[in-house]
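>>> turn this into a model:
(chains A, B, C and D)
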There are 2 protein chains.
Amino acid sequence: MSWADRSERINHRTPRLLWLQVADDLKALMESRELAPGDKLPGEAELAELYGVSRDTIRRATQELAAEKLIVILHGRGTFVSEG
Amino acid sequence: MSWADRSERINHRTPRLLWLQVADDLKALMESRELAPGDKLPGEAELAELYGVSRDTIRRATQELAAEKLIVILHGRGTFVSEG
DNA sequence: GATGATTTGTGCGTATGTATC
DNA sequence: CGATACATACGCACAAATCAT
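Now for the predicted structure:
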């Protein structure tokens, strides 16, 4: 997909955890197939900018998705949408 | 060692400081050699989850053990049980 | 092979807000 | 009130794995 600003997807003033909001948005992108299996996500630093949150928040979100096996995180390579 | 939940080692209802309880549990693991010299500890965030305490509490505990030279904390690398 | 850029892994320091003792 | 602790979040520095030149 073509990545543009996604900060409008994030509400900093609700009690809803930021990293959950990020995780949910990424899930929605995968469910709608805008993010397809095998696709590489932007780097953590870039995602942080796109969402307007810190890298820490991005990492919590991606680690949650990795625990759910929706994505795969590879050291030194990047983060990818799971195949199959 | 294989790290699993250690929250049962922590009693939140005693006046005993949480970080001391964590430090003592880590010491016990080292004395029993479940944690051997050179072993890498889980990251701060993971330890926080395993013990059911905050990262703040984990850091106080590890900094105490580092001051006692029982462990070595290396920026960007991790935390390791001291050799010898 | 060597070098530098990219990307994830990890720890450091700090801040805010809440709750409990 | 102050001390302790929790939860969340920010930004940074340094390390390690990988990739491109």
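>>> so A:Ile73 touches A:Glu64, yeah?
No. Contact criterion Cβ atoms under 8 Å: A:Ile73 and A:Glu64 do not qualify, at 11.1 Å. The C-beta positions use only the backbone N, C-alpha and C, and glycine is treated the same way.
>>> higher neighbour count, those two?
A:Glu64 (18 against 15; other Cβ atoms under 10 Å in any protein chain shown).
>>> give me the element the residue nearest to the more buried one when sequence neighbours are not counted is part of.
In this structure, A:Glu64 finds its nearest non-sequential neighbour in A:Ala23, 5.1 Å apart by Cβ to Cβ, 6 or more residues apart in numbering or on different chains. Element membership of A:Ala23 [criterion: DSSP states H and E] is helix A:18-31.
>>> then A:Arg33?
Going by DSSP H and E, A:Arg33 is not part of any helix or strand.
>>> re the thing from before, per-residue confidence averaged over the helix holding A:Ala23?
Here helix A:18-31 scores 94 as its mean pLDDT.
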